[in-house]
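# what shape does this take:
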Amino acid sequence: IDGRGRTIGLIAQTNVNVGDTSYFRQYFGLPANDPVVMLNGPDPGIQSGDDLESDLDIQWAGAIAPSARTLLIATSSTQTAYGVDLSGLYAVSNDLADVLSLSYGSCELDFGDADTAFYTNIWAQAAAQGISVLVASGDSGPAECDPTGVNALSASVNGLGSSPYATCVGGTQFLDTSNPSTYWNSTSDPVTKKSAKGYIPETTWNESGGSNFLATGGGRSILFARPPWQNASGLPPDTSRYVPDVALFAGSHAAYLMVQGHSTSSSGIQAVYGTSASSPAFAGLAALLVVGELVPACGGG
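All right, here's what the predicted structure looks like:
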């Protein structure tokens, strides 16, 4: 169960240096398996800021599912459309992957009718084709899309992932700070660099303080009604869709390590955190869920 035979598509609006991911896999003892960059139209080149996001996406999707094919789908932004929108459309229209991950966001409150229709239809089509779509919930808690900064009733959530046809991925943090030695070894494995002893208890990611909002995005959709499969205990007594649907580690005190800017003089290893890491990591988990075709238990004759 390592993702072999599956393709994870990472939606992007930049190219990347594939050598960074090659070094990431080598450094952490993963099998060699370079990502594939698929350009939709002209090469957007390496866009500062966006390339960090895309390096993170392909490295951690591949870390969780090391034998899966990781496919970066990159499109240049235009005067009328963001590159990630065009990449998502291209990926679904051409049925490029079993799982798609998107780590960008736009507030429902800012959506026009055309924006709502676009993401509703594209993720519905993905679902019809058997493509699992994972979208990061955001990193500023319920204030992410709150125009007043006080969690107003008019606040909204990430519209790229609020459609019931997408799986919105939120963040957790470890409950390990009171007694770290219970959960962590004092040294790391020399090959895999692992130091965790096993599963570490989690809680909702919220490291906010003062004017800094560092917490899992989420809340009530202002665009979508609650789908039947979300009728579960614990939700407010209304008819709205709520996100996130699932959550994975996103905290900063034991952040994700990734590689960018690798050269002979510097490894380029840096620590990052947030639901932008949770989403591609969960996409890797989704790629592990289907392990192959069913075959007869015994030969014919």
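# would you map the strands across the protein?
Ranges of strands within the chain are 7-12, 36-39, 69-74, 99-102, 132-136, 167-174, 202-204, 219-225, 240-243, 246-249, 256-259, 269-272, based on DSSP state E.
# check which residues of the last one are buried.
Yep, that's strand 269-272 we're talking about. 269, 272 (16 or more other CB atoms under 10 Å). Where you see a C-beta, it was placed from the backbone N, CA and C, and this is true even at glycine.
# show me what that strand pairs with in its sheet, parallel or antiparallel.
strand 256-259 (antiparallel) (DSSP bridges).
# convert the strand it pairs with to PDB, retaining C-alpha atoms only.
Included here for strand 256-259 are C-alpha records, laid out as PDB according to Å, rounded to 0.1, in the frame of the first residue of the first chain:
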ATOM      1  CA  TYR A 256       6.500  19.900   7.800                       C
ATOM      2  CA  LEU A 257      10.000  19.900   6.300                       C
ATOM      3  CA  MET A 258      10.400  20.500   2.600                       C
ATOM      4  CA  VAL A 259      13.100  21.400   0.100                       C
END
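# returning to that earlier point: make CSV out of the strands of the chain and add distance to residue 278.
What follows is these, written out as CSV (distance: least, CB to CB, whole Å):
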stretch, distance to residue 278
strand 7-12, 14
strand 36-39, 23
strand 69-74, 17
strand 99-102, 10
strand 132-136, 6
strand 167-174, 5
strand 202-204, 11
strand 219-225, 17
strand 240-243, 13
strand 246-249, 4
strand 256-259, 9
strand 269-272, 11
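# closest to residue 55 out of the ones you listed?
Nearest to residue 55 among the strands of the chain is strand 256-259 (6.0 Å), distances taken as CB to CB.
# quick one: contacts of the closest one?
Contacts of strand 256-259 with the rest of the structure, by CB atoms under 8 Å, 6 or more residues apart in numbering, involve 20-21, 23-24, 27-28, 55-56, 59-60, 193, 267-273, 277, 281.
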